[in-house]
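Colleague: Quick one, fold the following:
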Amino acid sequence: MPDATTNELAEDTELAVGTDTLTITETVCVARNPRARIARLHEGAVARMNDSVALKHRLIASRQPIYGVTTGFGDSCIRQISPGKVIELQRNLVNYHLNGSGPAATSEVVRATMLVRANCLARGYSSVRPEVVRLLLDCLNADILPVIPERGSVGASGDLVPLCYLANMLTGAGEARFRGALWPAERALAEAGLRSVVLEAKEALALINGTSFMSGFAVLAAADAAELAAAADVCAALAVEVLLGNRGHFDAVIHAQKPHPGQMRSAARIRALLAGSGLARDHPQVLAANPELGDQGYVQLTHPIQDRYSVRCAPHVTGVLLDTLDWVRPWLHTEINSTNDNPLFDVDTQNVYNGGNFYGGHVGQAMDALKIAVASLGDLVDRQLALVVDEKFNRGLTPNLIPRFADDDYQAGLHHGFKGMQLACSALAAEALKLATPATTFSRSTEAHNQDKVSMGTIAARDARTIVELVQNITAIHLAALCQAAELRGADQLGRGTLAAFRAVRKHVAFLDTDRQMDSDIATLAELIRSGELRRACIEEG
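Modeller: Below is the predicted model:
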């Protein structure tokens, strides 16, 4: 699967939901582009859903107890509910889970969640009427979004608490984001020409009993992590140049002897970025024989033959992230095309099945691995920055990259250049590393010990999102410093790829000649990375 998953679809792209082919690329595009259209439910999905609903009604009529349909929830499943109370049961299910807390999820997370949930229900095993899923897709098309608090899910019986806010909006209750403001949900639906629904037997449970909220965070984090890997390779190449480093560390011969695909790919990208560089040294230059060396003595070399680990081992760190993404993406692809619900109605066997497909273990494990790899990448970038700004290690660059003035006085006491940026970067790196503790190891027993082993997948996915955002800012700071250092060295000596990266940065962020506020520069360069603009500017697509 390709790295680039953020902006590859046209604005007028139409998707048919319910074909088991939803991709991460499509999900991210819909999440981030409110003008992307979801065309319709696939005809085959409509037929499957109608058959599933008919089976449910036959089973209800037979007085067979069906979990969450004609029984209570959790440990209350031993109590059977009369058929006349099934709609009230669904309403109560939503009401008693409307207890989320914390900040509201961003619009892009909510949009991803809505698309993934619709795709799950359209598979036809959840016994939900097509009109419920159509309303969900109509809201997505109209950009009517439920306000969903981020906190409250342990990721076991699905994302019960967050997804209840979605179910609540479809019934016309609660609040929705619409046209840049908060609206009463019923009024927002009416303004868009839509009508709320009354959730029938099983439908509220089907809407909330799945992994769609955690998956919304996860697909976006994975997409952004891929862009970070590319940006880290750009930074590594620039670091080699501004530190007058040894590009031989990235020779294909070395990495072929430890052939992890991600490591080899990262090294190859760095080699390509450095092509034509007049600043990076080659092995023959660094290892040239010294005729002054006598048989008994030694001389001080003018240049170390090996660079520090944060430069020399960059492909080994970035490669871990690339290889992690290669197994995370298939897991997420499977998850967003699965029936992560309970119970399931199978029209082929005419039976209802009780199980645990709502469990978020795969998403949780994937996100814990991803966040560790991304936090490690952030630490790598922070360590490179420390070398670049420190006059003890930056091989002749000025302290904190302060420019020299015409009289050769760079006023180190008056201006401090990137000193504050390095401090901020180190704080961000520490926070990212702290958050990298695996969330999936903190299972809790909840709901009267019915949910006695939980995935914590939602917390892992939210942490992954946060770490990605932290490392975007870390990388943005380093990128600004590297371009400053390149200009001090002479940007005309950069390689073809790194020069393209330098020019992309300089379109947005100017050279630092005197101390100035730089928080907006960080935000601008973080978006340059997240959007894929940096990658497209300097890395040839493979």
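
Colleague: Grab the longest helix from the chain for me.
Modeller: helix 457-489 (DSSP state H).

Colleague: elements contacting that one?
Modeller: helix 212-242, helix 361-389, helix 419-435, helix 496-506, helix 519-530 (3 or more Cβ pairs under 8 Å, 6 or more residues apart in numbering; DSSP states H and E). For the C-beta atoms, the positions are set from N, CA and C on the backbone; glycine is no exception.

Colleague: so which of the ones you listed is the most packed in?
Modeller: helix 212-242 (a mean of 29; mean count of other Cβ atoms under 10 Å).

Colleague: The residue nearest in space to the middle of the chain: what's it in contact with?
Modeller: Among the residues of the chain, the one closest to the centroid is residue 221, at 0.5 Å (Cα atoms, centre = their mean). Residues near residue 221 by Cβ atoms under 8 Å, 6 or more residues apart in numbering: 367, 370, 371, 461, 464, 465, 468.

Colleague: same check, this time on residue 132
Modeller: The neighbours of residue 132, taking Cβ under 8 Å, 6+ apart as the test, are 121, 170, 197, 199, 203, 207.

Colleague: Can you tell me the closest non-neighbouring residue to residue 107?
Modeller: residue 145 (5.8 Å; Cβ to Cβ, 6 or more residues apart in numbering).

Colleague: Tell me how many other residues surround the one you found.
Modeller: Around residue 145 there are 27 other residues, counting by other Cβ atoms under 10 Å.

Colleague: was I right about it contacting residue 176?
Modeller: Yes: counting by Cβ atoms under 8 Å, residue 176 is a contact partner of residue 145 at 6.1 Å.

Colleague: hey, what's in contact with both of the two?
Modeller: Contacts common to residue 145 and residue 176, judged by Cβ under 8 Å, 6+ apart, are residue 139.

Colleague: Show me the shaky parts of the stretch 251-400 of the chain.
Modeller: Scanning the stretch 251-400 of the chain for pLDDT under 70 picks out the ranges 283-302.

Colleague: ok, which stretches of it are strands?
Modeller: 344-346, 351-353 (DSSP state E, counting those that start in this stretch).

Colleague: Out of those, which one sits most buried?
Modeller: Burial of the strands of the stretch 251-400 of the chain is given as mean neighbour count (mean count of other Cβ under 10 Å); strand 344-346 ranks first at a mean of 20.

Colleague: which residues are contacting that strand?
Modeller: 52, 55, 56, 59, 125, 126, 127, 351, 352, 353, 355, 357.

Colleague: Just the buried subset of those residues, written out for ChimeraX, thanks.
Modeller: The buried residues among the contacts of strand 344-346 can be selected in ChimeraX (16 or more other Cβ atoms under 10 Å) with this line:
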select :52,55,56,59,125,126,127,352,357
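
Colleague: Can you give me the pLDDT of the residue nearest to residue 477 when sequence neighbours are not counted?
Modeller: Once flanking residues are discounted, residue 477 sits nearest to residue 425: 4.5 Å by Cβ to Cβ, 6+ apart. The model reports residue 425 with a pLDDT of 95.

Colleague: Check the gap between residue 425 and residue 265 for me.
Modeller: 26 Å (Cβ to Cβ, to the nearest Å).

Colleague: Correct me if wrong: residue 459 contacts residue 438.
Modeller: No: taking contacts as Cβ under 8 Å, residue 459 lies outside contact range of residue 438: 10.1 Å.

Colleague: What is the neighbour count of the closest residue to residue 307 other than its chain neighbours?
Modeller: Closest residue to residue 307 in three dimensions, ignoring its sequence neighbours and counting by Cβ to Cβ, 6+ apart: residue 245, at 4.5 Å. Burial measure for residue 245: 27 neighbouring residues, criterion other Cβ under 10 Å.

Colleague: Quick check: bridge partners of the residue nearest to residue 107?
Modeller: residue 177 (DSSP bridges).

Colleague: Who are the contact partners of it?
Modeller: 107, 110, 111, 114, 139, 176, 177, 178.

Colleague: how many other residues sit next to the second one?
Modeller: By other Cβ under 10 Å, 25 other residues sit near residue 110.

Colleague: Confirm it sits in a strand?
Modeller: No: the assignment for residue 110, made by DSSP: H, G, I helix; E, B strand; the rest coil, is helix rather than a strand.

Colleague: Distance of it relative to residue 169?
Modeller: 10 Å.

Colleague: can you list residues touching both of the two?
Modeller: Common neighbours of residue 110 and residue 169, using Cβ under 8 Å, 6+ apart, are residue 146.

Colleague: contacting residues for residue 505?
Modeller: 479, 480, 483, 525, 528, 534 are the contacts of residue 505 under Cβ under 8 Å, 6+ apart.

Colleague: From residue 240, how far out is residue 148?
Modeller: On the measure of Cβ to Cβ, residue 148 and residue 240 end up 44 Å apart.

Colleague: How about residue 16?
Modeller: 47 Å.

Colleague: for residue 442, same thing?
Modeller: 40 Å.

Colleague: Could you do residue 393 as well?
Modeller: 14 Å.

Colleague: just residue 219 next, same as before
Modeller: The separation that residue 219 has from residue 240, given Cβ to Cβ, amounts to 33 Å.

Colleague: before we move on, what about residue 507?
Modeller: 23 Å.

Colleague: do residue 62 as well
Modeller: 72 Å.

Colleague: now residue 436
Modeller: From residue 436 to residue 240 the distance is 27 Å (Cβ to Cβ).

Colleague: Sketch out the low-pLDDT regions of the protein for me.
Modeller: 1-13, 39, 72, 74-78, 283-302, 405-413, 443-453, 540-542.

Colleague: how about 50 then?
Modeller: Scanning the chain for pLDDT under 50 picks out 1-7, 541-542.

Colleague: Who are the contact partners of residue 317?
Modeller: Counted by Cβ under 8 Å, 6+ apart, residue 317 has contacts 232, 376, 377, 380.

Colleague: Farthest-apart pair in the residues you listed, please.
Modeller: Farthest apart among the contacts of residue 317 by Cβ to Cβ are 232 and 376. That separation is 10.4 Å.

Colleague: who touches both of those two?
Modeller: Each of 317, 321 lies in contact with both residue 232 and residue 376 under the rule Cβ under 8 Å, 6+ apart.
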